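Participant: Have a look at this prediction, sequence included:
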Amino acid sequence: MHRPGMVSIWFFVGILLLAYGVLITASGLYELVSPPARPVVLGELHAGIWWGAVLLVLGAVYTYRFSPRRQK
Amino acid sequence: MSIHLIALSLGDAPVPTRLLALAPVDMIIIALYFAMVLGIGFYLKRYTKTGDDFFLAGREMTAWVAGLSFLAANLGALELMGWAAAAYQYGILATHWYWIGAIPAMLFLGIVMMPFYYISKTHSVPGYLKLRFGEPSRVLSAVSFGFMTVLMSGINMYSMALVMKVVLGWDINFSIWVSSITVAVYVCLGGLLSAIFNEVLQFVLIWMGALLISIIGLIETGGWSGMVARIHTNFPGGDYTHLWRTMGSFTDNPMGIHWTGIVLGLGAVLSFGYWTTDFLVVQRVLAAKDLRAAKLAPIIGAGFKMMVPFIVILPGLLGLALLQPKLMGEAQAVATGGHSYNEVLPLMLARYCGPGLLGLGVTALIAGFMSGMAGNVSAFATVWTYDIYKALIRKDATDAHYVSMGRWCTILGVLVSIGTAYLVMQFLSIMDYVQALFSFFIAPLFGTVVLGMLWKRCSPAGGFWGLLAGTLSSIGMWAWVKLDPAALKYIALSSNARDMAENMYRALWSWIVCVLVTVAVSLVTKPKPESELTNLVYGCTDIPGEGHLPMHQRPMFWAVVVALCFVVLNVIFW
């Protein structure tokens, strides 16, 4: 797992979670501004925003912590 | 492939209107996932040059990566959907397959068996049998494993494609080809290294995609007690929320099983057989960087396995509490146009997840399917290359040749799986037969391996004949019940027993047959000299001590912690 130059698996995990966090949070915010015609159950919790934020923060932390530059 | 024999049996029923409709953002999320797993495969190709790289990921995995991969290889999408469905049907009893049906066996693998697998430097479980018992045992085990692995992979592929058709309206051919080609490409490029990297990624996605359902579901029901109260209201008289209280009689619980079947058949035999000898999962631990990591990996896997019911069983229970109208069996659902148990997870997904979150949930299902399939094909490629091709066909080729063979084997394994998927599409009954066939090998193999590891006197002839007798007895019992259903009362100790109970007891009897034959034959045949048992058997192997390590770095310490949590959870949900 720690061969010279090999990017950590956790960096890939971070990148994907970060991208998902951005997309899901943005999607949740859009729904906040423009509520859907048929909202999901408990849509008032705006799960997209806070779950997206959780992914975004986790993704950012992992991307930074395991970035190839920091690993060098 | 797993001991979890509940398959999503959607049959050849007319497909109803799709359950979920994806928005553009959901499609982007799914597309990003495919791009990432393929990208990882292409990236890791440069690090996959030798046989050890391709088949054992260079034996460089940390305990965490090996442990999560060990668990992810078992966490297929059908596992998620099938056990959520089982939870709706049988209640919390389904949790037995995650707790007593997994945790003791995983801890036993880590603490007792892993040192012998790891120190012997075997490439595979059949490879260990070769070292311990000789070529006949290896060939019997390798051929049955290789054959069943690709068949099971095909069955899972077909079931998943059918799920995608029902849930998303996707064409079956599209689902089969796109997902399997993706798996073939990334495993072919990076071997086990690529499979493990992607399994860790898939593990995270499965949790992120499925956990939200449980969180919002508990908010809606007002917590656990609110959920239990709603279940009692919806299903008066039924007990869906106690693990052990209803296990005193076959007729007191919806599973039709007695606690002896769960404890002895599932907990003591079938789960030990699967978690300690199925190469699909053991291969991930063999990739660990040292013995301590190899011992810790199954313990870490056990810790997470204990939590999987919170993303699989809990959504099923929440479905019992919340979904109206009630879900029903497949046949009834087809006849009435209602929803079946099998749809509980997608229905809960649709209930709470809007655009974006829905894409994440569907990605979790796809990731689950792909991690299971990658596990199958990478294990198949290793067993074929090392235990069949190298052992029987070409013994003295170069390492590069075997790596090339492994790559071709990956493609071949995927193609055979696709062929099986189409065969199942034509002849659905094949699914039942193949699942039963796979269960034939699990319990006896555990008897053979554990005796081989712990008993010096166990002879090569004893190992081979015990394995063969156990397997044949399992097939015989299965055929007996098929031909004469009344035989169920002898095999499963009750004519009220259901399919699952029959599986448990058949496993128990076949394990006992294997052990008895192995012991009897060993006592009258010549054992291997102790000099040939070094690093293979207890008493002949110098296992490095852990006394010099701080407590928190010792695998035994964490095994005790996990075991205590396991006991506490069983008491809480008794």
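Facilitator: Now that the structure is in, tell me what you want to look at. As the structure is a prediction and not an experimental result, all values here were calculated from the model.

Participant: Where is the longest helix in chain B?
Facilitator: helix B:172-221 (DSSP state H).

Participant: Identify the residue of the stretch 451-574 of chain B closest to chain A, quick one.
Facilitator: In the stretch 451-574 of chain B, no residue comes nearer to chain A than B:Gln553, which is 17.9 Å away by C-beta to the nearest C-beta. (Each C-beta comes from the backbone N, C-alpha and C, glycine too.)

Participant: related to what we said a few turns ago, I'd like the next helix or strand past the longest helix of chain B.
Facilitator: From helix B:172-221 onward toward the C-terminus, using DSSP states H and E, the following helix or strand is helix B:223-234.

Participant: Show me what the mean pLDDT comes to for that following helix.
Facilitator: Model confidence over helix B:223-234, given as mean pLDDT, is 92.

Participant: Dump it to PDB, keeping only the CA atoms.
Facilitator: The C-alpha trace of helix B:223-234 is given here as PDB (Å, rounded to 0.1, in the frame of the first residue of the first chain):
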ATOM      1  CA  GLY B 223     -36.700   6.400  17.400                       C
ATOM      2  CA  TRP B 224     -36.500   2.700  18.100                       C
ATOM      3  CA  SER B 225     -39.400   2.500  20.600                       C
ATOM      4  CA  GLY B 226     -41.600   4.400  18.200                       C
ATOM      5  CA  MET B 227     -40.700   2.000  15.400                       C
ATOM      6  CA  VAL B 228     -41.400  -1.100  17.600                       C
ATOM      7  CA  ALA B 229     -44.800   0.400  18.600                       C
ATOM      8  CA  ARG B 230     -45.800   1.000  15.000                       C
ATOM      9  CA  ILE B 231     -44.700  -2.600  14.000                       C
ATOM     10  CA  HIS B 232     -46.900  -4.000  16.800                       C
ATOM     11  CA  THR B 233     -49.800  -1.800  15.600                       C
ATOM     12  CA  ASN B 234     -49.300  -2.900  12.000                       C
END
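
Participant: distance of B:Ala35 from B:Leu218?
Facilitator: Here the criterion is C-beta to C-beta, to the nearest Å. By it, B:Ala35 lies 34 Å from B:Leu218.

Participant: More neighbours: which of these two?
Facilitator: Regarding B:Ala35 and B:Leu218, a neighbour count based on other C-beta atoms under 10 Å in any protein chain shown identifies B:Leu218 as having more, with 17 against 12.

Participant: is it true that the more buried one touches B:Leu318?
Facilitator: Yes: B:Leu218 lies in contact with B:Leu318 (C-beta atoms under 8 Å); the separation is 7.4 Å.

Participant: Now the common contact residues for these two.
Facilitator: Residues within reach of B:Leu218 and of B:Leu318 at once, by C-beta atoms under 8 Å, 6 or more residues apart in numbering or on different chains, are B:Met227.

Participant: Closest approach to chain B from chain A, which residue is it?
Facilitator: The shortest separation between chain A and chain B is 3.4 Å, found at A:Ser27 (distances taken as C-beta to the nearest C-beta).

Participant: Show me what from chain A comes close to chain B.
Facilitator: Taking C-beta under 8 Å from any C-beta of the partner chain as the contact definition, chain A meets chain B at A:1-3, A:6-7, A:9, A:12-13, A:15-17, A:19-20, A:23-24, A:26-28, A:31, A:36, A:39-43, A:45, A:47-48, A:51-52, A:55.

Participant: Can you flag the buried ones in those?
Facilitator: When neighbours are counted using 16 or more other C-beta atoms under 10 Å in any protein chain shown, the residues of chain A next to chain B contain these buried positions: A:1, A:6-7, A:9, A:12-13, A:15-17, A:19-20, A:23-24, A:26-28, A:31, A:40, A:43, A:45, A:47-48, A:51-52, A:55.

Participant: Could you tell me which of those belong to helices?
Facilitator: Counting by DSSP H, these contribute A:9, A:12-13, A:15-17, A:19-20, A:23-24, A:26-28, A:31, A:47-48, A:51-52, A:55 to helices.

Participant: so what's the residue nearest the centre of chain A up against?
Facilitator: The centre of chain A sits closest to A:Gly21, judged by C-alpha atoms, centre = their mean, with a distance of 2.5 Å. Contact criterion C-beta under 8 Å, 6+ apart gives A:Gly52, A:Ala53, A:Val54, A:Leu55, A:Leu56, A:Val57, A:Leu58, A:Gly59, A:Ala60 as the residues in contact with A:Gly21.

Participant: shaky segments in chain A?
Facilitator: Within chain A, the ranges that satisfy pLDDT under 70 run A:1-2, A:72.

Participant: Apologies, that question was intended for chain B.
Facilitator: Scanning chain B with the threshold set as pLDDT under 70 gives B:1-18, B:76-78, B:428-439, B:497-500.

Participant: near chain A, which residues of it?
Facilitator: Contact residues (C-beta under 8 Å from any C-beta) of chain B with chain A: B:23, B:25, B:28-29, B:32-33, B:36, B:40, B:43, B:47, B:58, B:60-62, B:65, B:196-197, B:200-201, B:204-205, B:208, B:212, B:216, B:219-220, B:289, B:350-357, B:359-360.

Participant: Give me the buried subset of those residues.
Facilitator: The neighbour count (16+ other C-beta under 10 Å) marks B:25, B:28-29, B:32-33, B:36, B:40, B:43, B:47, B:58, B:60-62, B:65, B:196-197, B:200-201, B:204-205, B:208, B:212, B:216, B:220, B:289, B:350-357, B:359-360 as buried among these.

Participant: ok, back up a step: just the ones of the residues of chain B next to chain A in helices?
Facilitator: Among those, DSSP H puts B:25, B:28-29, B:32-33, B:36, B:40, B:43, B:65, B:196-197, B:200-201, B:204-205, B:208, B:212, B:216, B:219-220, B:350-352, B:357, B:359-360 in helices.

Participant: wait, doesn't B:Leu129 sit right on B:Leu451?
Facilitator: No: contact status for B:Leu129 versus B:Leu451: not in contact, 11.5 Å apart, counting by C-beta under 8 Å.

Participant: intersection of neighbour lists for those two?
Facilitator: If you check B:Leu129 and B:Leu451 against C-beta under 8 Å, 6+ apart, the residues they both contact are B:Gly463.

Participant: So which of those two has more stuff around it?
Facilitator: Each of B:Leu129 and B:Leu451 had its neighbours counted (other C-beta under 10 Å), and the higher figure belongs to B:Leu129 (29 against 22).

Participant: ok, back up a step: run a quick check on the residue of chain A closest to chain B versus A:Ala47, I expect a contact.
Facilitator: No: checked against C-beta under 8 Å, the pair A:Ser27 and A:Ala47 is beyond contact range at 10.8 Å.

Participant: Find residues that contact each of these two.
Facilitator: B:Gly354, B:Leu357.

Participant: any idea how far B:Thr251 lies from chain A?
Facilitator: In this structure, B:Thr251 lies at 37 Å from chain A, with C-beta to the nearest C-beta, to the nearest Å as the measure.

Participant: give me the number of residues near that residue?
Facilitator: 10.

Participant: any chance of the contacts of A:Gly21 in CSV, plus distance to B:Phe446?
Facilitator: Below are the contacts of A:Gly21 laid out as CSV (distance: C-beta to C-beta, whole Å):
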residue, distance to B:Phe446
A:Gly52, 44
A:Ala53, 46
A:Val54, 40
A:Leu55, 40
A:Leu56, 45
A:Val57, 43
A:Leu58, 38
A:Gly59, 41
A:Ala60, 45
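
Participant: hmm, which of those are the buried ones?
Facilitator: Using 16+ other C-beta under 10 Å as the burial test, the contacts of A:Gly21 include A:Gly52, A:Val54, A:Leu55, A:Leu56, A:Leu58, A:Gly59 as buried.

Participant: which residues does the third one contact?
Facilitator: A:Leu55 makes contact with A:Leu17, A:Leu18, A:Tyr20, A:Gly21, A:Ile24, A:Thr25, B:Met208 under the criterion C-beta under 8 Å, 6+ apart.

Participant: Who's the closest spatial neighbour of it, skipping the chain neighbours?
Facilitator: Among residues not flanking A:Leu55 along the chain, A:Gly21 sits closest, at 3.6 Å (C-beta to C-beta, 6 or more residues apart in numbering or on different chains).

Participant: I'm done for today, thanks for sticking with me.
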